[in-house]
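> Fold the following for me, if possible:
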Amino acid sequence: MPKDFFGGISSVFKDKDMVQIDYVVDEDRIIGRDEELESLAQSLYPATNGSKPSNCLVYGKPGTGKSLSVKFITQKLKEKAGENGYSVGIAYVDCSQSSSETDAVIRIAKQLNDPDLSDVHIPDTGLSTGQFYQRAWKAMDAIHDISLIILDEIDKHHAYDDLLMTLSRAGEANKLTDSSLGVIGISNKPRFTDKLNERTVSSLGERRHVFPPYTANELKKILEARKDAFYDGVLEEGITARVAALSAREYGDARKAMDIFRYAGEIANENQSETVKDEFIDEAFERAERDEILEVISTLPHHSTLVIQSVAALAADRDTEKNPITTTEAYNLYQRKCSIEEASPLSERRVRDLLEEAEFLEIITRNTKAAGKAKGSRTIITLVDDPEKTLEACKLVEPND
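Reported below is the predicted structural model:
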């Protein structure tokens, strides 16, 4: 008789999707973001009457409700514009998962096109970037009065300048004739615009919206609003307060709070426990920290991972305050790791570029210090996260070249 692998499995979750950070909740479940939603609504309001909205850049640390709020308010805008007789199309691109400008434009074009309402065909490949843009413009003009393009984690896109410049100038350059376009960029980096070309900044003419970190009390309310992800009675007393306190310590991060909350439930399932116990929270916190690092590292090429792994291995083996890590040491260990894998190492200059990228992603920091009289200077590397957790995350990453 075949074995029923799933018959004996039970779960503390009633609706696990509700404890995913990107789950778009009802308005009464969005906590502590009334002012931010009202500010976004002011910027986007013209679209409800068929006019071009302001371009927006939304800033804030990870887990401050930026993406959730933007998705919610744009959906409300679409509904309001529909009531007024105007069509609003919304395209969402996670720029951390978009490999090139062409890839981003294809995603935008496919979301804004409807073959039943236009004669535009958007293939997966085979066209130049410019040709994909042309088809995107044609689809927007044919179907929508207003198109809103949300570029989440725009700072992580390899071609953010080109992408923002082309999209923001669509109307000015007469790419669109029968419709208007608004761009909403979302970034974890408050100084992101410092990296933009001056022409891009000028073309965007954006309104800026800053999302502050959540307080412990707000995080507790956020978790309380998601408690029905679990069956009644499975959460031990004080679970939400404990998770909120841990997450508030980590800069008011709702993403971290949600991850810990969800992982605690998963750990309860793994232990075949009928309740989510307080003792599961510490393990859930550790798992969330590791996966936060993994989320960043998993998008990088394999050689970048080897470089980060080298820095983490050096950091794990010493007191970096007394014996700091230098670029030369990191490169030498990276070469040895390449030798073990029988891979050709990159040049030291290229590895310095990878370290610069890792610094931009806030995996490491670098500081130049004097090396002593007549010895010039040296670059000191500091790992941002715990070395052991970083090493664990690196080992979980599949080669990504």
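> Return the residues in contact with the most centrally placed residue in the chain.
Centroid-nearest residue in the chain, with C-alpha atoms, centre = their mean: Glu153, separated by 5.0 Å. With contacts defined as C-beta atoms under 8 Å, 6 or more residues apart in numbering, the neighbours of Glu153 are 94-96, 186-188. (Each C-beta comes from the backbone N, C-alpha and C, glycine too.)
> from these, which single one is nearest Ala313?
Nearest to Ala313 out of these is Ser96 (C-beta to C-beta; 25.5 Å).
> correct me, but Gly63 touches Ala254?
Yes: between Gly63 and Ala254 there is a contact at 4.5 Å, judged by C-beta atoms under 8 Å.
> anything in contact with each of those two?
Taking C-beta under 8 Å, 6+ apart as the contact rule, Gly63 and Ala254 both touch 21, 214, 247.
> can you confirm the last one is in a strand?
Just to be clear, that refers to Ser247. No: using DSSP: H, G, I helix; E, B strand; the rest coil, the assignment for Ser247 is helix, not a strand.
> With respect to pLDDT, which of the contacts of Glu153 ranks lowest?
Among those, Ser96 carries the lowest pLDDT, at 84.
> What about the contacts of Glu153, which are in helices?
The subset of the contacts of Glu153 located in helices under the criterion DSSP state H is empty.
> Neighbour count and distance to Ile146 added to those residues, as a markdown table?
Below are the contacts of Glu153 laid out as a markdown table (neighbours: other C-beta atoms under 10 Å; distance: C-beta to C-beta, whole Å):
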| residue | neighbour count | distance to Ile146 |
| --- | --- | --- |
| Asp94 | 17 | 22 |
| Cys95 | 24 | 22 |
| Ser96 | 16 | 26 |
| Ile186 | 25 | 19 |
| Ser187 | 22 | 23 |
| Asn188 | 18 | 27 |
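> who are the neighbours in contact with Tyr133?
Per C-beta under 8 Å, 6+ apart, neighbours of Tyr133: 105, 166, 175.
> now do Lys14
Counting by C-beta under 8 Å, 6+ apart, Lys14 has contacts 228-231.
> Quick one, grab the pLDDT at it.
93.
> Show me the shaky parts of this protein.
By pLDDT under 70, the weakly predicted segments of the chain are 1-9, 28, 250-251, 370-376, 398-401.
> Please, where are all the helices along it?
Counting by DSSP H, the helices of the chain are 34-44, 66-83, 101-112, 129-143, 160-168, 198-204, 216-224, 239-249, 254-270, 280-297, 302-316, 327-340, 348-360, 387-396.
> Out of these, flag the one nearest Ser180.
That would be helix 129-143 among the helices of the chain, by C-beta to C-beta, at 8.9 Å.
> Check the gap between the spatially closest residue to Ser43 that is not a sequence neighbour and Val120 for me.
Leaving aside its sequence neighbours, Ser43 sits nearest to Ser54 (C-beta to C-beta, 6 or more residues apart in numbering; 4.3 Å). From Ser54 over to Val120 the distance is 27 Å, taken as C-beta to C-beta, to the nearest Å.
> Ok, Arg262 next?
40 Å.
> now Arg169
21 Å.
> Equivalent analysis for Asp232, please.
From Asp232 across to Val120, the span is 50 Å (C-beta to C-beta).
> Leu333 now?
For Leu333 relative to Val120 (C-beta to C-beta), the value is 52 Å.
> Quick one: residues contacting Ala170.
137, 176, 181.
> and if you look at Glu198?
No contacts exist for Glu198 under C-beta under 8 Å, 6+ apart.
> Then Leu246?
Taking C-beta under 8 Å, 6+ apart as the test, what Leu246 contacts is 256-257, 260, 281, 285.
> What distance do you get for the nearest residue in space to Leu176 that is not next to it in sequence to Gly130?
Leaving aside its sequence neighbours, Leu176 sits nearest to Ala170 (C-beta to C-beta, 6+ apart; 5.1 Å). From Ala170 over to Gly130 the distance is 13 Å, taken as C-beta to C-beta.
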